[in-house]
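Engineer: Compute the structure for the input listed below.
(one chain, ligands or ions: 1)
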Amino acid sequence: MNTSENHPPVSARGVTLVGEPIQIVSVKDDHTFELDEEKLDTVLLRQEIQGKKAVVVSVAGAFRKGKSFLLDFFLRYLNADCSPDWLGDDESPLEGFSWRGGSERETTGILLWSEPFCFTLPNGEEVAVLLMDTQGAFDSESTVRDCATVFALSTMISSVQVYNLSQNIQEDDLQHLQLFTEYGRLALEANDNESKPFQVLEFLVRDWSYPYDAAYGEAGGSQMLEKRLKVLGQHEQKSVKIQFSQDIALEETQEAETRMEIIHPNLGVALLPDSSPNFRALVQSCTANDNDWSDDGGAENECHKHEGLISHKSSWRSTYKQESLVSDILNITYNAHDAAGDVRALSKLLQHAVSTLTMKDFSVFFFSPKAVFYNNLNSREKAKNISSLKVAVSSGICKMATAENIAGSGLNLDQLKKIYVGDPWEDGLLNTFTMKNSLGQPRVTNTKRILESVIPKLADYFNNRNKQHPELQQIRKHIKSCFSKIGCFLMPHPGLRVATNPHFDGRLKDIETDFKEQLKVLVPQLLAPENLIVKEINGCRITCRDLVEYFKAYIRIYQGEELPEPKSMLQATAEANNLAAVSTARSQYVRDMEEVCGGDKAYIHPTELDKEHQRCLRQALDTFKSARKMGGPEFSSGYAEQLTNEIYDQFENFQKHNESKNIFSAARTPAVLFTVMIVAYMTSGVFSVIGLESIANVFNFTMIIFLMFLISWFYIQYSGEYRTLAIQIDQIATVIWDQALAPLYAQLMQQGAQLAVRQATQSRPKRD
Ligand SMILES: Nc1nc2c(ncn2[C@@H]2O[C@H](COP(=O)(O)OP(=O)(O)OP(=O)(O)O)[C@@H](O)[C@H]2O)c(=O)[nH]1
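Structural biologist: Numbering: from 1, shown residues only. Model prediction:
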């Protein structure tokens, strides 16, 4: 709400709020900017602060998004001397910079709070904190240039620019930021695109409604910023350290071996599936008779050892179902559909086996403890990782079996990506897939066919997923290159009363608790003395006195004409389209005319050349008109005119070039010079015959001069030197030709023609 005129504004803690907003920069009706130097001086050149370092915190962004409202909380905090209960009581209206509800813009130009706040930094340095409110961008009365100028100026002047956004960081927010900061960078002379021209940028996302995606505050903000400003498709050069669970397993193996020894060895068997060949061999050894092993003496002996110990001896079995084994070996039956009975029967079967075989015999059929450990681990990792690898199967990268191998080896798709990004030449993936575990087996596979098919497909997949359009990359790179530090803070919605109640006057009781909680974090984060950022320009810390000079210098740049005008996207695109169409049409004209009178073509009569020019011009204009362009016919008419003018310029060149091919015009200068010499010689002869020697000498002298001209002209044509002299001689010859010889020639031609006509009519036979 506007600061009341009847009583001075009072802060929430009952302390009078000293100062008022002062309009430093105003925008005039003709969209030019004016700096009120006097007011600026009253704020910054006060005796007590002019020598102090300046901290300038500005809030900029679209109009009607609560910038001034937020600044008033900044004021409260600073006015309360940063005390912990700065937010004050529930009943005090929010005052300071003028803010209000409604849809029409409030702030115009740039405002400063008239009373800078003085603090001492932890290093003992005295600083003055200035708060700056800016005109909201994109309202219906501001041009793109106005918005860009306000944003650029405030960014150039401030040490912390709060970019106030609503609900999210959208791509258009980044595009505008790019345009505005580029406009700022252009104005700065140190526009080397290397040093960072601006200091801190804080994205402030208001009304953040997705705390379940990213939490309110700075942590969620950083997470969000990381996503939004990520430049995808750039391989990070630092190597990626990945913690594989399999690697841990290798270290654990030793410990596992010891552990396995104290576990009953049956566990090793119990872990085997009953389809496993080892399980079958074990059972076979418990039940085999002599005949089964007759072809193998060693095995025969082994079986003899078991003879008598095993009650039922049979040949290789057709079935190894637990139910039939128990019935054959132990001669008992049980309910195979009862899980508990099943386990009890298995236990009896194993006890029987243990009692009939020595440990040594029995252990032949065990998996090693290491193998069992791996098997265990493999199942656990497979369960954990397989879901992400199903994407690889559905994308045709590998079959399910390979995906299971990869998953079982402790890798998921995300980790594979990190390996690939860390080593994009595919070696990383190859090495990982083929590295040996402590059993000497490959981690995933070393089958060449699989490796050759899966690894390139994985690499393609990661590359395509990583692809980000160059335009998007460029925006992100640009923004990062402009600021020394970029942060983000997610603010919750302040509640419906704040947003929609026309009588809301900023009392805390009407504001949602979440919002107030986050304010208590945000404001000290920006303004607590230990967090203040002193304004720096080209590495120098700026005092309030210096800031006045910079302000004046910067505004002068934006008042002048030297900066290109920032345009709306449509206008810029329409211009680019039209210019491209002009260029295509002009090239077509040049090509067509080259066909008519190009370098290797013969001289063409000027009238004919003009006709050809008209034809090519028409065609070029047709090409321009038929090109698809943005902006409409009215916008294009100016470019059509530009095209016609450029084509006429080209035509002049073609005319000159054509003229140079005319041998008569090329020979005109020597012919004129020679004619003048002859005439001068003959005239001098006539005058000397009649005794007027002095006049004859003048003509002789003229003849000598023209002879010298002629010799010089030939020399210059031959050597290419003294070209300016040749041009002057050509000009003299042209004047003589135009003034004397050409009219004479025309007259002679006319008389000749008349004579010819007369003779022709006289010689015609008379009719009776
Ligand atoms: N939804 C929402 N509204 C807010 C928030 N903060 C303030 N408002 C309301 O937004 C309206 C405009 O506030 P201002 O501070 O005048 O907005 P501004 O961005 O300075 O507006 P301009 O000066 O026109 O650029 C007021 O009605 C505030 O109550 C917020 O975080 N979320």
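
Engineer: all contacts plus neighbour counts: C-alpha atoms, from now on.
Structural biologist: Noted.

Engineer: For the stretch 1-150 of the chain, just list every one of the helices.
Structural biologist: 37-44, 67-79, 144-157 (DSSP state H, counting those that start in this stretch).

Engineer: Now residue 419: closest residue in space, sequence neighbours ignored.
Structural biologist: Closest residue in space to residue 419, ignoring its immediate chain neighbours: residue 428 at 5.7 Å, by CA to CA, 6 or more residues apart in numbering.

Engineer: Residue 415 is in contact with that neighbour, correct?
Structural biologist: No - contact criterion CA atoms under 8 Å: residue 428 and residue 415 do not qualify, at 11.2 Å.

Engineer: Would you mind listing where the stretch 451-600 of the chain has pLDDT under the threshold?
Structural biologist: Filtered on pLDDT under 70, the stretch 451-600 of the chain yields the residue ranges 465-466, 563, 569.

Engineer: Then residue 204 would be within a strand, right?
Structural biologist: Yes - under DSSP: H, G, I helix; E, B strand; the rest coil, residue 204 falls within a strand.

Engineer: Now for the residue nearest to residue 672 when sequence neighbours are not counted: which residues touch it?
Structural biologist: Sequence neighbours aside, residue 733 is the residue nearest to residue 672 in space, at 6.0 Å (criterion: CA to CA, 6+ apart). By CA atoms under 8 Å, 6 or more residues apart in numbering, the contact list for residue 733 reads 668-669, 672-673.

Engineer: next one: residue 458
Structural biologist: Contacts for residue 458 (CA under 8 Å, 6+ apart) come out as 392, 397.

Engineer: now with 6 Å?
Structural biologist: Contacts of residue 458 were listed using CA atoms under 6 Å, 6 or more residues apart in numbering, and none were found.

Engineer: So which residues on the stretch 351-500 of the chain come close to the ligand?
Structural biologist: For the stretch 351-500 of the chain, the contact set with the ligand under CA under 6 Å from any ligand atom comprises 493-494, 498-499.

Engineer: Reformat those residues into TSV and put neighbour count, distance to residue 703 and secondary structure next to each item.
Structural biologist: Supplementary listing: those in TSV, determined by neighbours: other CA atoms under 10 Å; distance: CA to CA, whole Å; DSSP: H, G, I helix; E, B strand; the rest coil:
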residue	neighbour count	distance to residue 703	secondary structure
493	20	99	coil
494	19	101	coil
498	21	101	helix
499	15	98	helix
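
Engineer: Ranking helices and strands of the chain by mean pLDDT, which lands last?
Structural biologist: helix 266-270 (a mean of 36; mean pLDDT, DSSP states H and E).

Engineer: Quick one: residues contacting residue 409.
Structural biologist: With contact set as CA under 6 Å, 6+ apart, residue 409 has these partners: residue 443.

Engineer: Show me how the record splits the protein into domains.
Structural biologist: 21-232+475-559, 266-365, 382-466, 569-664, 667-756 (automatic domain parsing).

Engineer: Residue 376 is nearest to which of the ones you listed?
Structural biologist: domain 266-365 (8.7 Å; CA to CA).

Engineer: For the residue of the stretch 601-750 of the chain found nearest the ligand, grab the count of nearby residues.
Structural biologist: Residue nearest to the ligand within the stretch 601-750 of the chain: residue 631 (29.7 Å; CA to the nearest ligand atom). Residue 631 has 16 neighbours, counted by other CA atoms under 10 Å.

Engineer: Where does pLDDT dip in this protein?
Structural biologist: Residue ranges of the chain with pLDDT under 70: 1-15, 189-195, 232-318, 359-366, 423-426, 465-466, 563, 569, 763-768.

Engineer: Could you pick out the residues of it near the ligand for me?
Structural biologist: Within the chain, the positions near the ligand by CA under 6 Å from any ligand atom are 63-69, 99-101, 105-107, 135-136, 206-207, 493-494, 498-499.

Engineer: Whichever of these count as buried, I'd like them selected in ChimeraX; how would that read?
Structural biologist: A single ChimeraX command selects the buried members of these (16 or more other CA atoms under 10 Å):
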select :63,64,65,66,67,68,69,99,100,101,105,107,135,136,206,207,493,494,498
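
Engineer: what packs against whichever strand or helix holds residue 487?
Structural biologist: In the assignment (DSSP states H and E), residue 487 maps to strand 483-490. For strand 483-490, the elements it packs on are strand 198-206, helix 217-228, judged by 3 or more CA pairs under 6 Å, 6 or more residues apart in numbering; DSSP states H and E.

Engineer: and among these, the most buried is which?
Structural biologist: Mean neighbour count, computed with mean count of other CA atoms under 10 Å, is highest for strand 198-206 among the helices and strands packed on strand 483-490, reaching a mean of 23.
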